[in-house]
Every structure is written in structure tokens, then in C-alpha cells.
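1. What would the 3D arrangement of this be:
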Amino acid sequence: APAGSDTAPQAAARPPRPEGDGPVTLPVRVQVTEGPARYASGSLGVDSDYGVRVEGLYRQNVVYGLPVWIETGAGVDTKRQRAFFDVHLPPGMDGSEDSFGLLYDHSDVEGLETSRAGVGWKRSQTRKAAGDSRVEYEVRWGALASYDKTRISGDSRYEVPSWAATWQWLRRDVDSKYNPREGNLIEFGLGAGTTLDDGKAFYRSSLRAQRWWPIGERDVLTVRGEVGKVWSRTDRLPQDFSWRTGGSRSIRGYRYQSIGLERGDAVIGAPVLGVASVEYTHYFTDVLGANLFVDAGDAAESFGQFDWHLGYGAGLAVRTPAGPFFVDLAWAQKDRRLRLQFSLGIAF
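-> Below is the predicted model of the structure:
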């Protein structure tokens, strides 16, 4: 067609070239996939502390068109039964997440039977350190009003209404959150509360730390420790404001929560706690390894009355996507008994 004709082909439009240091606009494509409005899940497990364990969970992401989600679930094993209903609010501008809900919890361990019904609130906030640091901080606040029933086998029983507020600060610096091989973790906690019928106060503080050192291409040396103390003006203390220890996650070789104060035919929580552990794990492959360990600690009336419980042994370690799985054979020096302790779970 002649030049200037209306039918002449037009040159393809091109975006203007940037001049100098001015801003440049680029196209952005956003693809959004909507999650399911609701889903249910469950798990089946067995371990040496709790025996066979079954858990179920239901979550609904939108409730009556509101930007909140609810979660309810229950868990049952040979020593503990628990049910809850939580409402989660949208995250705040500072990244904090709030929730509130109802809880029922029943347990019967080492002759100490407790039942709790409560209503509570909690807030959690996670943030990364500045720059390219792998350090991560978590802060959790909580408040709970509860009614507890406690039965001490061969001794007494009591009921106590109470409220308590808690605060926890955690600093994590590890190469992997679920399978750490190098780094450290520090957690500090505080709690305060009072009985509602006679106004007697109680307080708690705790400190937990763990350190991982890589050795060679696969091996890991782990050191961990925990210390805690409770101050109280009442003998009717909620059991989560006292300390018991023993079992596969604390002092191996001893029964779960069998270390504490002996009263009647039961073991009850103590005012102070101290636990330390050293463990060396050699991995034959990237998945399978073997470990040697020494655990020690006690839960007592005071640090001056500590009677150290020593447990040591060896076991197998298996790395999984959900974290390490251990099978340990441990000797409890005070009980003079060898125990096999393990944990295995399947989600569905």
C-alpha cells in the first residue's frame, strides 16, 4: 500500500526505553490458588511414654463469611485425653496471630490424676533477624482461666479454680528447623497466676538451651539443658505450674514423669527442675545413624536437695521429613533397670 495509506502496516508498539536512572515499569503476573474451605486430618502413633495415640483435627478456613478460621480436635492415648476448640483471628500488621478457645484435658500418670476445663487466649509472633541472618525469634503470650481437679493416689484430692498468664521468648539459630546439625536454641519463659477462691499467688520461670556441633561429614554432637523454678503460696497448685521429668524426651531410662516428689502412691510436681544431656550421633548414611548419650537431672523441693538421676545408653537415629526418629536403649542408674524408649507416628 502507498505510504501514508490508512491500510499501511503499523509498526509494533514498543515500550519506551528507560532514560537515566528513572523508574522502570515491568509486567507482573500473579496466580492465586484458593485453599480448601475445610479439611480434616488425623494421626496414629505409638511411643514408650504414652503408648498408642490417636488424634483427629478439623479446620474450617472461613466462618460465616468472616476472615477467621476455626480448629477443633481431640487426642486419646493410654495416659491422656484432650479436646479443644479454637478460633483464630487474622494476623495483625506486626505479624502477630491471636486465638482464643476452650480446652478439656485429662491425664493419669504415675498416680497423679488431673482434669482441667478452661478458656484461654494466646498470641504468637515470629520474626527474622535483619539482613541475611538465619536467626529467628518467636514470642508467645497466653492467658488461661481454668478449673482443675486433682487426685493424688493414696493421699488426697482437691479442686482449684485459677487464672494464669504466661510469656515465652525463643531464639533459634540452626541450619535446619526440623533436622538441625549446627546451631543453637534458647528459650526463656515466665508465668504468674492466682487461685480464684482464696487469692493465693504462684509464679514460674524456666530456661532451656540446646546446642548442635557438626563433626566430620555426617556426625553431630548435641548438648541440652533445662532449669526451672516455681514460687507458690498454695498447696493446691495447678500441675502445669510444677515440674516432673523422666522419659524419652528428658531423662532416658526412667518412666515418663516418674521423677518428682513422692506423695502417697503418686509422683507429683516439684518446685524446681534441672536436666542436662550430652549425645553423640554417628550417621552411617544421610538417613540412618546410631547414638550414644548421657542424661542427668532431678525435680525436687529445692536445688540444694537435688538427687541426680543418671541415665545412659545407645540407640538408633533415623532422619525423616518430619524430624528425627529415635529408638533408645537406656540404663536408669537409680532404678537399676534397662528400658527401651521410642516414638513412631503416621499422619493421614
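2. alpha carbons only for contacts and neighbour counts from here, please
-> Fine.
3. what about the closest residue to S302 other than its chain neighbours, how many residues close to it?
-> In space, and not counting its chain neighbours, S302 is closest to V272: 5.7 Å by C-alpha to C-alpha, 6 or more residues apart in numbering. Look at V272: counted by other C-alpha atoms under 10 Å, it has 25 neighbours.
4. So V272 versus W231, what's the distance?
-> Per C-alpha to C-alpha, to the nearest Å, V272 is found 9 Å from W231.
5. who touches both of these two?
-> Counting by C-alpha atoms under 8 Å, 6 or more residues apart in numbering, V272 and W231 have no common neighbour.
6. Low-confidence stretches in the protein?
-> Filtered on pLDDT under 70, the chain yields the residue ranges 1-22, 322-323, 344-348.
7. Buried residues, the strand of greatest length in the chain. List them.
-> What stands out as the longest strand in the chain, according to DSSP state E, is strand 156-174. Along strand 156-174, these residues count as buried under the neighbour rule (16 or more other C-alpha atoms under 10 Å): 159-174.
8. swap in stretch 143-157?
-> So stretch 143-157, judged by 16+ other C-alpha under 10 Å, has buried residues A143, L144, A145, S146, Y147, D148, K149, T150, R151, I152, S153.
9. and if you look at stretch 80-99?
-> Neighbour-count burial for stretch 80-99 flags 80-89, 96-99 (criterion: 16+ other C-alpha under 10 Å).
10. What is the neighbour count of the closest residue to T245 other than its chain neighbours?
-> Distances taken as C-alpha to C-alpha, 6+ apart place Q257 nearest to T245, at 4.5 Å, with adjacent residues excluded. Residues lying near Q257 (other C-alpha under 10 Å) number 21.
11. cool, E110 as well?
-> Using other C-alpha under 10 Å, the number of residues around E110 comes to 19.
12. Who are the contact partners of it?
-> Contacts of E110 (C-alpha under 8 Å, 6+ apart): Q257, S258, A266, V267.
13. can you list contacts of the helix or strand following the longest strand of the chain?
-> As assigned by DSSP states H and E, the chain's next helix or strand after strand 156-174 is strand 183-195. Applying C-alpha under 8 Å, 6+ apart, the contact partners of strand 183-195 are 160-175, 200-213.
14. partners of strand 183-195, with directions?
-> strand 156-174 (antiparallel), strand 201-215 (antiparallel) (DSSP bridges).
15. Tell me which of these lies nearest to Y137.
-> strand 156-174 (4.7 Å; C-alpha to C-alpha).
16. now the closest one: how far from the chain's centre is it?
-> 13 Å (C-alpha atoms, centre = their mean, to the nearest Å).
17. quick one: what helix or strand has R127 in it?
-> R127 belongs to strand 112-128, assigned by DSSP H and E.
18. got the angle between that strand and strand 156-174?
-> 20 degrees (axes from the mean of the first three to the mean of the last three C-alpha atoms, to 10 degrees).
19. Strand 112-128: which residues count as buried?
-> Under the neighbour-count criterion of 16+ other C-alpha under 10 Å, strand 112-128 has 112-125 buried.
20. so L340 touches D328, yeah?
-> Yes: assessed by C-alpha atoms under 8 Å, L340 is found in contact with D328 at 5.8 Å.
21. and R337, how many residues sit next to it?
-> Neighbours of R337 using other C-alpha under 10 Å come to 12.
22. no, scratch that, I was asking about V230
-> The local packing of V230 (other C-alpha under 10 Å) involves 21 other residues.
23. Report the beta-bridge partners for it.
-> Beta-bridge partners, per DSSP bridges, of V230: R204.
24. Next, give phi and psi for D198.
-> Here is the backbone geometry of D198 (degrees, to the nearest 10): phi -130, psi 10.
25. ok, back up a step: could the buried residues of stretch 80-99 be laid out in TSV, adding secondary structure and distance to Y283?
-> Listed next are the buried residues of stretch 80-99 as TSV, based on DSSP: H, G, I helix; E, B strand; the rest coil; distance: C-alpha to C-alpha, whole Å:
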residue	secondary structure	distance to Y283
R80	strand	34
Q81	strand	36
R82	strand	37
A83	strand	39
F84	strand	39
F85	strand	41
D86	strand	41
V87	strand	43
H88	strand	41
L89	coil	43
S96	coil	39
E97	strand	39
D98	strand	41
S99	strand	41
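26. Check the residues you listed and tell me the two furthest apart.
-> Maximum pairwise distance in the buried residues of stretch 80-99, criterion C-alpha to C-alpha, is 30.6 Å, between R80 and S96.
27. what residues does stretch 111-126 touch?
-> For stretch 111-126, contacts defined as C-alpha under 8 Å, 6+ apart pick out 95-108, 136-153, 239, 265-268.
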